[in-house]
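> Let me see the structure of the following:
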Amino acid sequence: MQNHRRSLSAAIAGSTLLALVACGDTVPEQALLGGGAGAIAGAVVGGSVLTGAAVGAAGNVVACQTKLANCN
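Predicted coordinates:
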């Protein structure tokens, strides 16, 4: 049951990150915005804030640089 809760929390955090994805004009801005969203998501679901920030920063940079996210 604990693993199911973690999976659900991870899915919620992932959805939150996608909803909060915001591109900056530069890669550092993209990393900062994604890292902030990831840290918040990690804190909300009771996970690691640092891990959330790292995943959020990397995810946002990738999403913005590959045009996966609509950054207009």
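> C-terminal to the helix or strand bottoming out on mean pLDDT in the chain, what's the next element?
Within the chain, no helix or strand scores below helix 2-20, which has a mean of 60 by mean pLDDT, DSSP states H and E. Following helix 2-20 in sequence order, the next helix or strand is helix 27-44 (DSSP states H and E).
> got the angle between the helix or strand just after that next one and helix 27-44?
Using DSSP H and E, the helix or strand that follows helix 27-44 in sequence is helix 49-65. Angle, helix 49-65 to helix 27-44, by axes from the mean of the first three to the mean of the last three C-alpha atoms, to 10 degrees: 140 degrees.
> So which elements touch helix 49-65?
Secondary-structure packing of helix 49-65 (3 or more C-beta pairs under 8 Å, 6 or more residues apart in numbering; DSSP states H and E): helix 2-20, helix 27-44. Glycine gets a C-beta too; all of them are placed from N, C-alpha and C.
> where does the chain have low pLDDT?
Low-confidence segments of the chain (pLDDT under 70): 1-22, 71-72.
> Nearest spatial neighbour of Leu68, chain-adjacent residues omitted?
Of all residues not flanking Leu68 in the chain, Val62 sits nearest, at 7.0 Å (C-beta to C-beta, 6 or more residues apart in numbering).
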